[in-house]
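Enquirer: next input, structure requested:
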Amino acid sequence: MTNETLLLDIENLHAQYVNPHNQNEKINILNGINLKIYKGKKHAIMGPNGSGKSTLSSVIMGHPHYQITQGDIRYYNQQTSKMESITGLLPHERAKKGIFMSFQNPVSVPGLPVTQFLRASLQNIRGKDITVKDFRKELKSNMEALQMNPDLMKRYLNEGFSGGEKKRMEILQLSLLQPRIAILDEIDSGLDIDALRQVSEGINRLVDNERAFILITHYKRLLDYIAPDSVHIIAEGKIIKEGGPELVDILESTGYEEIVKEAKLAS
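Expert: Next up is the predicted model:
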């Protein structure tokens, strides 16, 4: 991968959760993550519950409840052709630079119409006004590709949506915003077989040589639909093993416990 364009470079990242109700209550979660994300590649991040997968995605996006105590996150600046630290940026500033994150459990926002949310998000990312006519045309095209019910656009964001509808709404945002890096945090969680296939097809349509995907998942089933280029296994806040797609099959047969045990013996 050394000849590929590096988009995101995470080096010796340590981070802790800070209780928003008690700033003195802090829990160390990430303990030295090293990860390189390349343009045009799909990186799968797997690991047992509590290993730090979702925390890593939140830290990359700058979630205020997580604090970096050591290390750096650097992102490729197209204008300067240099890697630059983003650890001081707010979440919306990272989003404007082209980093997108889908949520494991998308929240409902009563009173916020879906179309209003999507148009405002798109205008903010593009930095210009988009006419209602142009927006509706673009929205319709993307919704049809995702086989989404048009009636969803008459409702408030995620209110009363099924699990599959919420996840397709996340992919709809991804389709419209066209980020350079897409972090998909357990996008397969709570989906039945048909919904998983439709969501996966939506993601695969966006795969190209210009953007990178970070697929966070527990299970092989998502990766049966979206073939990863590389697989990274996290345990106890560290990446303990990396490899190609064959690592998914090894993990499926041995489980996490065996790989964690091997990593501890090797260290």
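Enquirer: which residues of the stretch 1-150 of the chain score low on pLDDT?
Expert: Flagging of the stretch 1-150 of the chain using pLDDT under 70 yields the residue ranges 1-3.
Enquirer: what about the helices in it?
Expert: With DSSP state H, counting those that start in this stretch, the ranges of helices along the stretch 1-150 of the chain come out as 53-61, 91-96, 114-126, 132-145.
Enquirer: quick one, strands of the protein?
Expert: For the chain, applying DSSP state E gives strands covering 6-18, 26-38, 42-46, 66-77, 82-85, 99-102, 109-113, 156-157, 181-185, 212-217, 230-235, 238-243.
Enquirer: run the chain-centre distance for the fifth one.
Expert: Centroid separation for strand 82-85 versus its chain: 20 Å, with CA atoms, centre = their mean, to the nearest Å.
Enquirer: and it, what other elements does it pack with?
Expert: When contacts are defined as 3 or more CB pairs under 8 Å, 6 or more residues apart in numbering; DSSP states H and E, strand 82-85 packs onto strand 66-77. The C-beta positions use only the backbone N, C-alpha and C, and glycine is treated the same way.
Enquirer: give me that answer again for 10 Å
Expert: strand 6-18, strand 66-77 (3 or more CB pairs under 10 Å, 6 or more residues apart in numbering; DSSP states H and E).
Enquirer: deepest of those strands, which one?
Expert: Across the helices and strands packed on strand 82-85, averaging neighbours per residue (mean count of other CB atoms under 10 Å) puts strand 6-18 on top, at a mean of 19.
Enquirer: just the C-alphas of it, formatted as CSV.
Expert: C-alpha atoms of strand 6-18 as CSV (Å, rounded to 0.1, in the frame of the first residue of the first chain):
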residue,chain,number,x,y,z
LEU,A,6,-2.6,8.3,2.3
LEU,A,7,-5.8,10.1,3.4
LEU,A,8,-5.8,9.6,7.2
ASP,A,9,-2.8,8.8,9.4
ILE,A,10,-3.6,7.8,13.1
GLU,A,11,-0.4,7.6,15.1
ASN,A,12,0.0,6.3,18.7
LEU,A,13,-3.5,7.5,19.5
HIS,A,14,-4.5,7.4,23.2
ALA,A,15,-7.9,8.7,24.2
GLN,A,16,-10.3,8.6,27.1
TYR,A,17,-14.0,9.1,27.7
VAL,A,18,-14.9,12.1,29.8
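Enquirer: what strands flank it, and is each parallel or antiparallel?
Expert: strand 26-38 (antiparallel), strand 66-77 (antiparallel) (DSSP bridges).
Enquirer: go through those and name the closest to residue 242.
Expert: For residue 242, the closest of the strands paired with strand 6-18 is strand 26-38, at 8.8 Å, according to CB to CB.
Enquirer: which of the residues in the closest one are buried?
Expert: Neighbour-count burial for strand 26-38, with 16 or more other CB atoms under 10 Å as criterion, is recorded at 29, 30, 31, 33, 35, 36, 37, 38.
Enquirer: out of the residues you listed, who's nearest residue 89?
Expert: For these, the nearest to residue 89 is residue 37 (16.7 Å; CB to CB).
Enquirer: was I right to think that closest one contacts residue 44?
Expert: No - taking contacts as CB atoms under 10 Å, residue 37 lies outside contact range of residue 44: 11.6 Å.
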